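[1] Let's see this in three dimensions:
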Amino acid sequence: MVDDFFDGARLLGIVAPIKSYQFCWLLNQYLQIDFRINHDIEIELDKKKRKYFFSVYEYNEPNGSRTHYLYSNHFDGEFLLPEFKHLDFLWLLKGDITGNQELQQLLQSIKTIAGVQLVMELTADKIRHKAHLLF
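    Numbers count the residues shown, from 1 in each chain. Here you go, the predicted model:
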């Protein structure tokens with residue numbers, strides 16, 4: 001199930017120490033997209049006898065079948081992907097194949113946004129907790 005979820009997907013890691021709603025607003029303004037929070041796919045993890053909730057924002061491209069998901073990587077001192085504690089957000093592209101050139105253009109566009117310190121592609125083999133990204 002995990003491998004099927006990530007088949008053909010691309011994942012970006014972003015360091016931008018700002019609130020998730022502010023970051024989505026900036027992305028929407030600068031990249032002319034429309035990320036919206038989707039409470040139905042919010043990630044809930046049980047750790048240390050507590051529940052942690054990680055926001056997921058969603059954007060469906062109007063002229064294709066690609067969907068973009070933006071995950072908050074931290075909530076109340078816990079991390080969605082603990083192997084990437086330095087990352088604030090994870091951006092997953094699913095659906096239509098995203099080519100290398102198109103991905104590089106997206107990376108460069110994200111880097112121009114105020115508050116963004118780092119953007120990098122994450123390969124599936126480096127992610128130990130892939131199941132945490134499933135909704």
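[2] Quick check: pLDDT value at the closest residue in space to residue 111 that isn't next to it in sequence.
    Spatial nearest neighbour of residue 111, excluding adjacent residues (CB to CB, 6 or more residues apart in numbering): residue 119 at 5.4 Å. Glycine gets a C-beta too; all of them are placed from N, C-alpha and C. With respect to pLDDT, residue 119 has a value of 97.
[3] same question, the one 10 residues further on
    What the model reports for residue 129 is a pLDDT of 87.
[4] ditto for residue 133
    Reading off the model, residue 133 has pLDDT 85.
[5] Against residue 87, how distant is it?
    As judged by CB to CB, to the nearest Å, residue 133 and residue 87 stand 12 Å apart.
[6] Identify the contacts common to those two.
    Overlap of the contact sets of residue 133 and residue 87 (by CB atoms under 8 Å, 6 or more residues apart in numbering) consists of residue 81.
[7] Run through the strands of this protein in chain order.
    Remark: strands assigned in the chain by DSSP state E are 10-15, 36-37, 43-47, 50-54, 56-60, 67-72, 74-75, 78-79, 89-94, 118-122.
[8] Which of the ones you listed comes out lowest on mean pLDDT?
    Going by mean pLDDT, the lowest-scoring of those is strand 43-47, which has a mean of 90.
[9] Need the residues that contact that one.
    51, 52, 53, 54, 56, 71, 78, 80, 132, 133, 135.
[10] 7 Å instead?
    51, 52, 53, 54, 56, 71, 78, 80, 132, 135 (CB atoms under 7 Å, 6 or more residues apart in numbering).
[11] can you pick the most crowded of the residues you listed?
    Using other CB atoms under 10 Å as the neighbour criterion, residue 71 leads the contacts of strand 43-47 with 25 neighbours.
[12] So what pairs up with the closest residue to that residue other than its chain neighbours in the strands?
    Closest residue to residue 71 apart from its sequence neighbours, by CB to CB, 6+ apart: residue 90 at 4.3 Å. Under DSSP bridges, the beta-bridge partners of residue 90 are residue 13, residue 71.
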